[in-house]
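> sequence first, then the predicted structure, then my questions.
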Amino acid sequence: MVKICCIGAGYVGGPTMAVIALKCPNIQVAVVDISTARINAWNSDTLPIYEPGLDDVVKQCRGKNLSFSTDVEKHVSEADIVFVSVNTPTKTQGLGAGKAADLTYWESAARMIADVAKSKKIVVEKSTVPVKTAEAIEKILTHNSKGVEFQILSNPEFLAEGTAISDLFNPDRVLIGGRETPGGQKAIETLRDVYAQWVPMDRIICTNLWSAELSKLAANAFLAQRISSVNSMSALCEATGADVSQVSHAVGKDTRIGPKFLNASVGFGGSCFQKDILNLVYICECNGLPEVANYWKQVIKVNDYQKTRFVNRIVSSMFNTVSGKKIAVLGFAFKKDTGDTRETPAIDVCKGLIGDKAKLSIYDPQVHQDQIQRDLSMKKFDWDHPVHLQPMSPTSVTDVTVVWDAYTATKDAHGLCILTEWDEFKKLDYQKIFDNMQKPAFVFDGRNVVDVEKLRKIGFIVYSIGKPLDEWLKDMPAVA
Ligand code: NAD
Ligand code: UGA
């Protein structure tokens with residue numbers, strides 16, 4: 001029986017391995033991690049991540065051909081294929097700080113593999129890494145092994161959170177890069193045979209190593225660029241009276257452009273877009289391509305501008321101060337259907353409002369108070385390390401309360417802002433919310449989920465990203 005081990009039981013390692021185990025009953029899959037708390041959670045009824053459909057997949061395979069363990073070395077030494085799906089955060093110190101990928105966790109995993117391997121192995125890069133990482137990993141493995149043969153493959157993951165299980169069941173493509181040698185090609189075939197158990201062959205793309213590594217960074221950069229493009233248009237829509245939803249619809253009807261990923265928002269978040277673009281920018285700079293680097297940097301600048309613009313709209317609409325005012329924040333996760341808050345735009349928006357002395361009452365159906373407190377007090381990029389290695393925040397943020405429903409959050413509030421597009425925010429009783437708020441009552445919709453006309457009829461002053469402005473807001477400057 002083929003044995004797979006995956007190092008890193010996170011948002012990628014957990015779901016991808018669970019799906020491999022489900023689709024390949026003839027393969028034994030072990031997911032290992034240095035975090036005991038995470039592994040305990042994977043072995044419990046409350047999985048460490050919220051992902052629709054994941055519970056069901058894990059329940060079907062756990063105890064059969066899927067296991068979760070902290071015995072990293074044992075499972076790595078027994079495996080034929082070792083996936084590495086560990087954190088690859090942005091460096092915070094030293095050369096390339098604020099841009100380059102920190103490969104500490106990857107390197108320590110590679111050294112451990114070399115240490116414990118007694119039989120030949122295929123080592124698969126699942127983490128998103130800088131192009132040419134495989135070369136470094138290859139050197140670490142071959143210089144430290146005792147004659148054991150390794151083949152390195154790049155098999156980047158394209159799943160999106162919230163839809164991870166359906167993305168894994170039915171991927172647009174699976175990408176496998178390997179060395180253009182007989183050994184490399186054989187390794188590619190071995191991994192292709194795993195995916196071929198449920199993915200049609202014409203969706204499995206095989207390339208050289210560097211193309212696979214770079215394609216992952218390029219795909220995330222292109223996706224993020226679309227959002228910054230539409231968000232830049234949202235600012236122009238507000239200035240001109242155009243409606244960004246109508247513009248997106250019209251633009252997306254061109255089959256060359258396509259309709260997906262054109263929703264204007266308060267900004268993109270998530271663990272990867274910013275990190276991977278910064279990494280891309282750094283690689284361009286290192287390769288003497290400053291013009292290319294600056295081009296991609298702009299995607300992040302527009303994203304930051306969008307978040308700042310949103311905060312400024314709130315403050316300027318509310319008589320240029322939110323000091324002492326209660327602002328309800330509906331949604332904290334970086335998108336709906338996940339409890340993940342990594343790089344969520346809510347962090348910057350909340351920090352901006354706290355900076356102006358607002359009192360925040362936050363509600364998110366999947367995010368707990370301690371997570372919100374950590375996020376609001378943690379330094380940039382510190383979140384992307386294994387949980388037990390993250391610096392503890394010295395103090396919690398005062399002026400922030402976290403509550404368990406939207407009606408409590410909005411009671412007696414001066415304004416409410418929507419920062420995640422949870423479906424339940426569309427169905428709230430806005431008349432009841434209006435009745436219980438201070439007047440004038442403001443709604444700032446960062447996700448375009450509310451029916452603007454309906455809310456205006458109730459009596460709210462409504463700002464919705466990229467939509468024609470309320471009379472109240474028209475003469476107020478909101479430049480970032
Ligand atoms: P994560 O933080 O959820 O999981 C990483 C896990 O690796 C953690 O549980 C950590 O404890 C563990 N780990 C770190 N070093 C280890 C070691 N030496 N030995 C054993 N375990 C170790 O991160 P994630 O979201 O799963 O992302 C992992 C990688 O996949 C990153 O490179 C990311 O860019 C990439 N990626 C993420 C997504 C996503 O949607 N989250 C999608 C595609 C690619
Ligand atoms: C993204 C990519 O979609 C995945 O293909 C990739 O594997 C993953 O990053 C990764 O490498 O980590 P994810 O971050 O989970 O997935 O979620 P997305 O659906 O891409 O959303 C990212 C952010 O963009 C969210 O904050 C979302 O609200 C925002 N967004 C998305 C918009 O503002 N507008 C849109 O039209 C789409």
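Okay, I see it. Ligands and ions are numbered 1, 2, ... in the order given.

> report pLDDT for the residue lying farthest from the centre of the chain.
Relative to the centre of the chain, the most outlying C-alpha is that of Gly147, 38.8 Å out, by Cα atoms, centre = their mean. Per-residue pLDDT puts Gly147 at 87.

> what secondary structure does Val148 sit in?
When classified by DSSP: H, G, I helix; E, B strand; the rest coil, Val148 comes out as coil.

> now do Thr401
When classified by three-state DSSP, Thr401 comes out as strand.

> separation between it and Tyr407?
Per Cβ to Cβ, to the nearest Å, Thr401 is found 14 Å from Tyr407. (C-beta placed from N, C-alpha, C; glycine too.)

> and for Pro48?
In terms of Cβ to Cβ, Pro48 sits 30 Å off from Tyr407.

> show me which of these two is the more surrounded one.
Pro48 (20 against 14; other Cβ atoms under 10 Å).

> the closest residue to Cys61 other than its chain neighbours: neighbour count?
Leaving aside its sequence neighbours, Cys61 sits nearest to Ala21 (Cβ to Cβ, 6 or more residues apart in numbering; 4.1 Å). Using other Cβ under 10 Å, Ala21 is surrounded by 24 other residues.

> and Ala21, what helix or strand is that in?
Element membership of Ala21, judged by DSSP states H and E, is helix 13-23.

> can you list contacts of that helix?
4, 6-7, 27, 29, 31, 33, 42, 47-49, 51, 54, 57-58, 60-61, 64-66, 83, 85, 126, 157, 159, 164-165, 168-169, 194, 197-198 (Cβ atoms under 8 Å, 6 or more residues apart in numbering).

> please state the offset of it from the chain centre?
Computed by Cα atoms, centre = their mean, to the nearest Å, the chain-centroid distance of helix 13-23 equals 19 Å.

> return the set of buried residues in it.
Neighbour counts over helix 13-23 (16 or more other Cβ atoms under 10 Å) mark 13-23 as buried.

> one more: stretch 196-212?
Buried positions in stretch 196-212, judged by neighbour count with 16+ other Cβ under 10 Å: 199, 204, 206-207, 209, 212.

> what does stretch 344-364 give?
The neighbour-count check on stretch 344-364 (16+ other Cβ under 10 Å) flags 344-350, 352-354, 356, 358-364 as buried.

> now that stretch - C-alpha only, CSV.
Extracted as CSV, the C-alpha positions of stretch 344-364 are listed here (Å, rounded to 0.1, in the frame of the first residue of the first chain):
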residue,chain,number,x,y,z
THR,A,344,-8.7,40.1,7.0
PRO,A,345,-9.4,43.7,5.9
ALA,A,346,-11.4,43.9,9.2
ILE,A,347,-8.2,44.2,11.1
ASP,A,348,-7.1,47.4,9.4
VAL,A,349,-10.6,48.9,9.4
CYS,A,350,-11.0,48.2,13.1
LYS,A,351,-7.6,49.5,13.9
GLY,A,352,-8.4,52.7,11.9
LEU,A,353,-11.6,53.2,13.8
ILE,A,354,-10.0,52.5,17.2
GLY,A,355,-7.3,55.0,16.1
ASP,A,356,-10.1,57.6,15.9
LYS,A,357,-11.3,56.5,19.4
ALA,A,358,-14.4,54.6,18.3
LYS,A,359,-16.0,51.9,20.6
LEU,A,360,-16.4,48.8,18.6
SER,A,361,-19.0,46.0,19.0
ILE,A,362,-18.0,43.1,16.8
TYR,A,363,-20.0,40.1,15.7
ASP,A,364,-18.9,37.3,13.4
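
> and it, is it in reach of ligand 1?
No: on the criterion Cβ under 6 Å from any ligand atom, stretch 344-364 is out of touch with ligand 1, staying 12.9 Å away.

> for stretch 175-194, same thing?
No: for stretch 175-194, no contact with ligand 1 is found by Cβ under 6 Å from any ligand atom; the gap never falls below 11.6 Å.

> can you tell me if that stretch touches ligand 2.
No: judged by Cβ under 6 Å from any ligand atom, stretch 175-194 makes no contact with ligand 2; its nearest approach is 11.1 Å.

> and that stretch, which residues are buried?
175-179, 184, 187-188, 190-192, 194.

> closest to Val462 among the residues you listed?
Leu175 (43.1 Å; Cβ to Cβ).

> name the residue of the stretch 351-480 of the chain that lies nearest to ligand 1.
Nearest to ligand 1 in the stretch 351-480 of the chain, going by Cβ to the nearest ligand atom, is Pro386, at a distance of 3.3 Å.

> what sits against that residue?
So, once contact is read as Cβ under 8 Å, 6+ apart, Pro386 ends up touching 33-35, 87, 105.

> what do you get if the cut-off is 6 Å, keeping everything else the same?
Applying Cβ atoms under 6 Å, 6 or more residues apart in numbering to Pro386 gives the contacts Ser35.

> show the pLDDT at the closest residue to ligand 2 within the stretch 301-450 of the chain.
Among the residues of the stretch 301-450 of the chain, Lys335 lies closest to ligand 2, at 3.8 Å counting by Cβ to the nearest ligand atom. Lys335 carries a pLDDT score of 96 in this model.

> same deal with Glu471?
If you check Glu471, the pLDDT there is 85.

> OK, contacts around the most centrally placed residue in the chain?
Of all residues in the chain, the one closest to the mean position by Cα atoms, centre = their mean is Gly270, 2.7 Å from it. By Cβ under 6 Å, 6+ apart, Gly270 lies in contact with 334, 343.

> measure it to ligand 1 for me?
The spacing between Gly270 and ligand 1, counted by Cβ to the nearest ligand atom, to the nearest Å, is 7 Å.

> pretty sure Ile39 is touching Phe68, no?
Yes: with contact defined as Cβ atoms under 6 Å, Ile39 reaches Phe68; the gap is 5.1 Å.

> what sits in contact with each of the two?
With Cβ under 6 Å, 6+ apart, Ile39 and Phe68 have no common neighbours.

> neighbour-wise, which of those two wins?
Shown here are Ile39 and Phe68; by other Cβ under 10 Å, Phe68 has more neighbours (26 against 21).

> can you give me the pLDDT of the more buried one?
On the pLDDT scale, Phe68 is placed at 98.
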